[in-house]
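Q: this one's sequence-less:
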């Protein structure tokens, strides 16, 4: 007979499997095509795990329990957003599966959870690729606005100038930095896309295939130049030429890398908006009339909260530990601000 502790653990596992299956079904409702099919298959797999715990519990299934807090939070987000954030969180949830250390779970269940993590990682990677360019600009812009304007405000404040001068300096830094970030992102993304476009195959090259000598041609070199092994390139070239002889069409492969970069305009607007939002936070105490050390401490505190938030978001989306990323962001921001503050004290002493 199972012990009361074992029954409670199995009941919790059963509740968690139900909740995870519901998360995948909720996500599937917001997807179409292949992604929808994959998510529904994951929900079906969680259903198999649910059946295992039902069989062990027998007539002691009891009143249905609620899933753990993390899984319930995932369900809430999946029903309302269905975004890459939820997939990133689901990836971490699959990685924390306790089945490998639990003798009551089968080895195949533990293996399933490992594979589920990789499946969700692949789905999350699609979303990360779709937003990577704009997201990078947003996070970089917000973090740069927070750190640079906090450092600017603290450095100027340490020289002993009036609060009005600090506020004016902070607002000028906000506008100048936001415009600079937007211009820099636009030029950077545009230039990178132009470089990649120069590497894309000429669309007219496909038409030349019809006139190639079947027995002597350089088509295999095209595939080798794009990364295929000699054997694979020759096999691909033979297959293409065979299809041509059967009056079927094929074309030179195009490697599209633009999706991971994002558009220049979106990155510029994102960078401008998030830099301005981040740079506004350090000057808020001065806008509300605070002065002196109090204004500096309040500014540092609210910026610290914002840095923790941006670091946690990066951690969630990257599949890493959010707390560690948040603390790293905080340490970098405070380190830069502290150095600038000390330089401001030194400069104030020299000028004074």
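A: Looks like it arrived, so ask away. Quick caveat: nothing in here was measured; it's all calculated off a predicted structure. Residues are numbered from 1 along each chain as shown.
Q: list the contacts of the closest residue to residue 120 other than its chain neighbours.
A: Taking C-beta to C-beta, 6 or more residues apart in numbering, and ignoring the residues beside it in sequence, residue 120 has residue 91 as its nearest neighbour in space, at 4.5 Å. Where you see a C-beta, it was placed from the backbone N, CA and C, and this is true even at glycine. Residue 91 makes contacts with 117, 120, 121, 124, 319, as judged by C-beta atoms under 8 Å, 6 or more residues apart in numbering.
Q: by pLDDT, give me the weakest of these.
A: Lowest pLDDT within those is found at residue 319 (62).
Q: now find how far off-centre the host helix or strand of residue 241 is within its chain.
A: Secondary structure assigned from DSSP states H and E places residue 241 in helix 230-245. The offset between the C-alpha centroid of helix 230-245 and the centroid of the whole chain comes to 38 Å, using C-alpha atoms, centre = their mean, to the nearest Å.
Q: do the same with stretch 272-286
A: Using C-alpha atoms, centre = their mean, the mean C-alpha position of stretch 272-286 is found 23 Å from that of the whole chain.
Q: can you give me the helices for this structure?
A: Under the criterion DSSP state H, helices of the chain are mapped to 4-29, 33-57, 69-80, 84-95, 107-158, 163-199, 205-208, 219-225, 230-245, 264-287, 292-318, 322-351.
Q: looking at the ones you listed, spot the one closest to residue 101.
A: Judged by C-beta to C-beta, the one of these that comes nearest to residue 101 is helix 107-158, at 8.7 Å.
Q: where are the low-confidence patches of the protein?
A: Within the chain, the set of residues satisfying pLDDT under 70 comprises 63-85, 127-137, 188-189, 192-217, 244-263, 316-320, 349, 351-352.
Q: domain parsing of it, as residue ranges.
A: As assigned by automatic domain parsing, the chain contains the domains 4-129, 132-195+265-351, 201-255.
Q: tell me which residues of stretch 169-176 are tucked away?
A: Along stretch 169-176, the positions that meet the burial threshold by neighbour count (16 or more other C-beta atoms under 10 Å) are 169, 170, 171, 173, 174.
Q: since we're on the residue nearest to residue 223 when sequence neighbours are not counted, how many residues are nearby?
A: Leaving aside its sequence neighbours, residue 223 sits nearest to residue 233 (C-beta to C-beta, 6+ apart; 3.7 Å). Neighbour count for residue 233, taken as other C-beta atoms under 10 Å: 19.
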